[in-house]
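[1] Mind looking at a prediction? Sequence and model below.
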Amino acid sequence: QVQLVESGGGLVQAGGSLRLSCAASGSILRINGMGWYRQAPGKQRELVAGISRDGSTNYVDSVKGRFTVSRDSAKNTVYLQMNSLKSEDTAVYYCYTRATTRETGYDNQYWGQGTQVTVSS
């Protein structure tokens, strides 16, 4: 299986920055995509940013120009650099990966445990 370990959440003032990291480990044959979702209280989980195997990225409109998703393929790690944070960015951020494993031989999506990001205004 695949394990995802996140780090980097915390409390920051509006206008500040945070960097989230997520490292994937386990019986991984191939990572096909990684990224981040978030879920604020009372709201549905939404895709924040993703990066595919070929390096293409996508972002939810509300974070474009402020957040940057990147990866270190050698370390199976994805990052989310968050700048100019706003109070509406407050949420639990969940890392995900779409990976093919030795056990299954096909693509599945795996989730991290979530890390809290709180932006104070």
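    Received it, and whenever you're ready, just let me know what you need. Only a predicted model underlies this, so the values are computations on that prediction, with no experimental measurement involved.
[2] List the contacts of the spatially most central residue of the chain.
    By C-alpha atoms, centre = their mean, the chain has its centre lying nearest to Trp36, at 2.5 Å. Trp36 makes contact with 20, 22, 47-50, 69, 78, 80, 93-96, according to C-beta atoms under 8 Å, 6 or more residues apart in numbering. No exception for glycine: its C-beta is placed from N, CA and C like everyone else's.
[3] would you list every one of the strands in the chain?
    2-7, 10-13, 18-26, 28-39, 46-52, 57-59, 67-72, 77-82, 91-101, 107-111, 115-120 (DSSP state E).
[4] mind checking the end-to-end distance for stretch 53-62?
    Distance across stretch 53-62, first residue to last, is 24 Å (C-alpha to C-alpha, to the nearest Å).
[5] Bridge partners for the residue nearest to the centre of the chain, pull those for me.
    Counting by DSSP bridges, Trp36 is bridged to Ala49, Cys95.
[6] Now tabulate the strands of the chain in JSON lines and tack on mean pLDDT.
    Below are the strands of the chain laid out as JSON lines (pLDDT from 0 to 100):
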{"stretch": "strand 2-7", "mean pLDDT": "96"}
{"stretch": "strand 10-13", "mean pLDDT": "98"}
{"stretch": "strand 18-26", "mean pLDDT": "97"}
{"stretch": "strand 28-39", "mean pLDDT": "96"}
{"stretch": "strand 46-52", "mean pLDDT": "98"}
{"stretch": "strand 57-59", "mean pLDDT": "98"}
{"stretch": "strand 67-72", "mean pLDDT": "98"}
{"stretch": "strand 77-82", "mean pLDDT": "98"}
{"stretch": "strand 91-101", "mean pLDDT": "97"}
{"stretch": "strand 107-111", "mean pLDDT": "95"}
{"stretch": "strand 115-120", "mean pLDDT": "98"}
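[7] Return the set of buried residues in stretch 114-121.
    Using 16 or more other C-beta atoms under 10 Å as the test for burial, stretch 114-121 gives Gly114, Thr115, Val117, Val119.
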